[in-house]
Structure formats: structure tokens, C-alpha cells
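Peer 1: just need the structure, nothing else, for what follows:
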Amino acid sequence: MDAVDLAFAGLARQAELVAAGEVSSRELVDLALARIERLDPRLNAFRVVFGERARVEADQADARRAAGDARPLLGVPVAVKDDMDVAGEPTCLGTRGVRAPAAADSAIVRRLRDAGAIVVGKTNVPELTLWPFTETATWGATRNPWDPDRTPGGSSGGSASAVAAGFVAAATASDGLGSIRIPAACCGLFGLKAQKGRVPLDPGVNDWHGLVHYGTVTRTVRDTALFLDVVADRPSWGAFADAAARAPGPLRIALSLKVPPPLAAPLDARVRDAVLALADTLRGLGHSVIERDPDYDAAVLARALSRYVCGAADAAAALERPDALERRTRGMVRIGRAVPRSVLARSRAEEAEAAARIARLWDDVDVLLTPAITQLPLPVGRFEGRGALWTFNGSGRFVPHLGWWNLTGQPAASVPAGFTPDGVPLAAQLVGRADDEATLLSLAAQLEAELDWAGRRPELAA
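Peer 2: Residues are numbered from 1 along each chain as shown. The predicted model follows:
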């Protein structure tokens with residue numbers, strides 16, 4: 001296997017190669033670091049790279065494998081989003097307002113290390129992880145490997161850029177209003193926001209008052225399933241990898257292009273056509289697809305957005321230097337501080353009712369199909385110099401189909417849906433019933449086998 005094929009082999013395949021002794025962990029880590037050194041100056045996926053530490057850990061992993069260690073990710077390099085703690089390293093959240101190093105790994109990082117994975121660095125995020133693009137005054141703009149003039153999305157944009165470019169096969173990601181699914185959509189990746197609470201968050205972590213979910217972005221469904229088997233609490237229905245390996249059987253799928261109110265956004269014709277084409281693919285695979293809109297509630301979603309802005313205010317309050325925040329971030333923080341706590345409390349109180357109301361759709365169908373993002377990945381710098389409200393409104397028009405599922409907690413995934421003629425990724429969203437990641441994984445794996453989205457690589461990353 002040549003170096004590029006090895007870089008793009010995927011998390012599960014790299015783990016198999018190390019376990020079989022066909023490649024060493026040191027070779028994998030050296031390859032990742034060499035690709036980062038060569039290509040990341042153009043992409044800016046990483047805030048910090050742990051080169052020497054990763055090499056030492058790779059040598060240790062090789063020694064452990066020789067001694068019989070058979071952990072599922074032994075010796076495989078991964079990256080960590082810079083909103084999760086890595087012991088001894090500041091968690092910068094896209095700002096220069098944080099300086100103190102983390103005292104310990106976050107739970108998701110600890111579980112990755114316990115499985116044998118090697119953390120090679122931390123990936124860039126927008127300031128306080130607020131935006132669906134990854135550009136900051138402190139750490140610069142992160143770019144999309146498919147088209148460096150476009151964003152890789154956000155807030156897990158650095159993670160998605162790193163995976164799409166073949167630096168690592170998987171990177172951690174978090175999703176408060178779509179921040180796993182947006183970068184996956186922008187970068188031609190698979191991004192599953194699992195059921196709420198499936199991947200544990202550390203006590204006291206800023207979870208935007210219940211909106212944030214942790215997970216990963218990968219190129220394949222199999223890789224996401226393996227990652228979740230390592231970091232998630234085991235669901236009652238069994239292993240994620242087993243679900244991804246099963247055929248889904250004929251499913252009833254609801255197709256909806258409706259933008260959840262109170263948001264309003266035009267749908268780019270290329271995105272619409274890609275979603276409709278994916279619906280046709282699903283029909284060809286034996287599934288029933290009908291047009292059906294969920295019962296969205298505009299007032300409930302509007303109140304849920306209070307959690308986002310209050311989360312921004314909470315994050316700013318925890319900084320050592322909140323005065324270092326960018327102007328538009330300070331604007332969002334001011335909005336969060338002005339939100340009446342009664343609105344926040346009402347949103348938390350009505351969450352279960354909102355989830356039950358929307359779940360009535362699943363009495364008649366198994367999966368919901370919607371757009372993931374409404375436009376092609378945005379040009380880098382689209383919101384440069386813009387204030388808080390302008391950026392907030394523009395961002396909302398880009399990603400209106402995603403946030404509802406953070407409120408209700410149901411699993412939702414972005415799946416690749418082809419490319420434009422000039423090679424820009426297109427995507428769609430699949431949403432499942434509560435606690436049913438299994439159906440999404442099996443359906444997404446079936447689509448991957450049909451469309452072979454992992455078989456295509458960015459020219460820049462060759």
C-alpha cells in the first residue's frame with residue numbers, strides 16, 4: 001500500500017493493519033505528521049501538533065502490540081477538537097483568552113487513549129465554537145481541502161479539514177446546533193450526531209444548556225461506528241459496528257425540504273437537486289420515500305436558541321481574559337447575558353414535550369431525509385468584519401435544518417450526496433427515531449456502498 005492509500009485507508013483499516021503487524025504505529029504517525037507538515041500550512045486544520053509526543057507514544061504502542069496488546073485503536077493517530085481537554089495543553093476554544101493548560105484529559109480523549117489511539121494534535125475551531133465556519137483573529141482561517149477558497153464548516157471545521165485531507169482517519173467533533181454535521185457536509189465526510197447523552201460529557205462542561213453532543217467526523221460509516229464503540233456508552237441494541245455491517249431492509253423514509261420556522265432560507269438548486277437525487281437512490285435501493293414535513297414549532301425553536309447565546313455568555317465568563325474576545329463574539333455574549341433566565345428555563349422545561357411532538361412523525365416512517373446545509377460551503381471570509389447579529393442571521397440561513405435535533409436529542413447524520421461539476425461536496429441529512437442510531441448507520445452504510453463517497457479524494461491531498 002502506498003503512502004497516500006495508507007493515509008486514506010480509514011480508522012478501522014489502519015487499526016487492522018497495525019494489529020496484523022503489516023504497518024507499525026510509528027509508520028502511521030510519521031505519515032500523519034509528514035502530511036500535516038506538508039499540507040497544513042495551506043489548510044490550517046491544526047492549532048497545535050504534538051509531534052515528538054506522538055512519536056514516543058507510537059513506539060510504545062508498537063512495543064505493546066508485540067507483547068500481545070489487542071486494543072481496538074492501538075497505535076492509530078487521531079486528532080482532538082480544541083474544545084475538549086488534552087492534559088497539559090490549553091483548551092483555547094478559538095480564542096487567545098485562555099492560557100492555563102488542562103489538568104486532565106476529557107472523558108472522550110481518555111476513552112480514545114484507553115483504546116490505544118494516539119493524539120497527534122488539536123484542531124482549530126471558531127471563537128467559542130459559535131459559528132458554522134472556522135475563522136478567528138487569533139488562529140487564522142481554516143480551509144476546505146476540496147476547495148481552499150471555501151470553509152470546511154464549523155465549529156468542528158479543523159477536524160473535518162484534517163480528516164478530508166488524510167491527515168488522520170478520525171477526529172473528535174462536537175455538535176451544539178449542527179457542528180458535526182455542518183463540517184461533514186462541507187468536506188464530503190460522514191458525520192453522525194448520536195442520541196443525546198450517548199457520548200459522555202465531563203461534569204461541568206459548557207454544553208449550551210443541553211444542546212451539545214460529542215462525536216466524530218470520518219470518511220466512512222464503518223469508521224464512525226468503530227469510533228463510537230470506543231467512546232460511547234453502549235446502547236441497548238448492541239454495538240455500533242454491528243449495526244453498520246447489517247443491511248437495513250426496506251425502510252419508510254420521509255422527504256422534507258421545509259426550513260424549520262422561525263428560520264427562513266432559500267435552498268440552492270444544486271443542494272435541492274442533490275437531496276432529490278439521493279431520494280431517488282433510496283427508492284432504487286428498495287425503500288419507500290414519501291414527502292412529509294415534521295411538525296416543527298417556531299416558538300420552541302426560538303426559545304431553544306436562547307441556550308446557544310447563554311452558552312456563549314457562560315463560555316466568556318469562564319475565560320481568563322474575556323476582554324480578548326473578537327467584537328462579534330462579544331456581541332453574542334452581550335445577547336446571552338440579556339436573555340431572561342425564565343426563557344432559558346422554559347426551553348429546558350418544554351424539551352421533553354417538543355421531542356414527543358416531533359417524534360409522532362416516526363409513527364409512520366423510519367427515517368427523515370432533509371438538506372444538511374442550504375448552500376454550497378461558504379467562501380472563506382464571507383462574514384469577515386461583520387457584527388454579531390449579521391453573522392448570526394447569515395449563519396442561520398446556511399444551516400437551518402440541523403439545530404432542531406439538538407433540542408430533541410434524536411440521532412441525525414450528514415451523508416455525502418455527490419459533488420458539483422467543479423468538485424465541491426454536496427450532502428443531505430438523515431434523522432432517526434430516538435435511540436436508533438442503528439438504522440441510520442445501516443442505511444448510511446448502504447448508501448456509501450452504492451455511491452462510493454469514500455473512494456474520492458481531494459486533489460490537494462494527493
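Peer 1: distance of residue 332 from residue 326?
Peer 2: Distance from residue 332 to residue 326, counting by Cβ to Cβ, to the nearest Å: 10 Å. Just so you know, the C-beta spots here come from the backbone N, C-alpha and C atoms, and that holds for glycine as well.
Peer 1: residues contacting the spatially most central residue of the chain?
Peer 2: Nearest to the geometric centre of the chain sits residue 180, at 1.9 Å (Cα atoms, centre = their mean). Contact partners of residue 180, counting by Cβ atoms under 8 Å, 6 or more residues apart in numbering, are 156, 173-174, 191-193, 213, 215-217, 414.
Peer 1: so where do the strands sit in the stretch 201-350 of the chain?
Peer 2: Using DSSP state E, counting those that start in this stretch, the strands of the stretch 201-350 of the chain run over residues 213-218, 252-255, 288-291.
Peer 1: so what strands line up beside the longest one?
Peer 2: So the one you mean is strand 213-218. Here strand 213-218 has these sheet partners by DSSP bridges: strand 170-175 (antiparallel), strand 190-193 (antiparallel).
Peer 1: mean neighbour count, mean pLDDT and distance to residue 113 added to those strands, as a markdown table?
Peer 2: Conversion of the strands paired with strand 213-218 to a markdown table gives the following (neighbours: other Cβ atoms under 10 Å; pLDDT from 0 to 100; distance: least, Cβ to Cβ, whole Å):
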| stretch | mean neighbour count | mean pLDDT | distance to residue 113 |
| --- | --- | --- | --- |
| strand 170-175 | 30 | 98 | 12 |
| strand 190-193 | 32 | 99 | 22 |
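Peer 1: for those, which one sits closest to residue 40?
Peer 2: Among the strands paired with strand 213-218, strand 170-175 comes nearest to residue 40, with 13.0 Å by Cβ to Cβ.
Peer 1: ok, residues contacting the closest one?
Peer 2: Contacts for strand 170-175 (Cβ under 8 Å, 6+ apart): 11, 78-81, 83-84, 108-109, 112, 123, 129, 155-156, 158-160, 162-163, 179-181, 183, 191, 193, 212-218, 223-224, 227, 406.
Peer 1: also stretch 197-209?
Peer 2: By Cβ under 8 Å, 6+ apart, stretch 197-209 touches 85, 106-108, 176, 212-215, 228, 231-233, 235, 307-308, 310-311, 314-315, 318, 344, 347-348, 409, 411, 437.
Peer 1: next one: residue 360 from residue 308, what distance?
Peer 2: Distance, residue 360 to residue 308, by Cβ to Cβ: 26 Å.
Peer 1: what about these two, which has more around it?
Peer 2: Set residue 360 next to residue 308 and count neighbours by other Cβ atoms under 10 Å: residue 308 wins out with 22 against 10.
Peer 1: how close does the residue lying farthest from the centre of the chain sit to residue 74?
Peer 2: Farthest-out residue of the chain from its mean C-alpha position, per Cα atoms, centre = their mean: residue 67, at 35.1 Å. Counting by Cβ to Cβ, the separation of residue 67 from residue 74 is 11 Å.
Peer 1: where do the strands sit along the stretch 351-462 of the chain?
Peer 2: Under the criterion DSSP E, counting those that start in this stretch, strands of the stretch 351-462 of the chain are mapped to 367-371, 412-419, 425-432.
Peer 1: I'd like those as JSON lines, with distance to residue 59 and mean pLDDT appended.
Peer 2: Formatted as JSON lines, those follow (distance: least, Cβ to Cβ, whole Å; pLDDT from 0 to 100):
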{"stretch": "strand 367-371", "distance to residue 59": "45", "mean pLDDT": "98"}
{"stretch": "strand 412-419", "distance to residue 59": "36", "mean pLDDT": "98"}
{"stretch": "strand 425-432", "distance to residue 59": "37", "mean pLDDT": "98"}
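Peer 1: nearest to residue 292, of the ones you listed?
Peer 2: Smallest distance to residue 292 across those (Cβ to Cβ): 8.1 Å, for strand 367-371.
Peer 1: what's next to the closest one, contact-wise?
Peer 2: Around strand 367-371, the neighbours that count as contacts under Cβ under 8 Å, 6+ apart are 251-258, 267, 271-272, 275, 278-279, 282, 289, 294, 361, 401, 427-432, 439-440, 443.
Peer 1: and with 7 Å instead?
Peer 2: The contact list for strand 367-371, computed with Cβ atoms under 7 Å, 6 or more residues apart in numbering, reads 251, 253-257, 267, 271, 275, 278-279, 294, 361, 401, 428-432, 439-440, 443.
Peer 1: buried residues in it?
Peer 2: For strand 367-371, a neighbour-count test (16 or more other Cβ atoms under 10 Å) marks 367-371 as buried.
Peer 1: what residue ranges in the stretch 151-300 of the chain score low on pLDDT?
Peer 2: The stretch 151-300 of the chain contains no residues with pLDDT under 70.
Peer 1: could you find the closest non-adjacent residue to residue 137?
Peer 2: Leaving aside its sequence neighbours, residue 137 sits nearest to residue 326 (Cβ to Cβ, 6 or more residues apart in numbering; 5.3 Å).
Peer 1: may I have the phi/psi pair for the one you found?
Peer 2: Backbone torsions of residue 326, given as degrees, to the nearest 10, read phi -70, psi 160.
Peer 1: just give me the neighbour total for it.
Peer 2: Per other Cβ under 10 Å, the neighbour tally for residue 326 reads 21.
Peer 1: per-residue pLDDT, it?
Peer 2: Residue 326 carries a pLDDT value of 97.
Peer 1: related to what we said a few turns ago, which among the contacts of stretch 197-209 end up buried?
Peer 2: Applying 16+ other Cβ under 10 Å to the contacts of stretch 197-209, the neighbour count classes 85, 106-108, 176, 212-215, 228, 231-232, 235, 307-308, 310-311, 314-315, 344, 347, 409, 411, 437 as buried.
Peer 1: got the buried residues of strand 367-371 as JSON lines, with distance to residue 6 columns?
Peer 2: Listed next are those as JSON lines, based on distance: Cβ to Cβ, whole Å:
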{"residue": "367", "distance to residue 6": "34"}
{"residue": "368", "distance to residue 6": "37"}
{"residue": "369", "distance to residue 6": "34"}
{"residue": "370", "distance to residue 6": "36"}
{"residue": "371", "distance to residue 6": "34"}
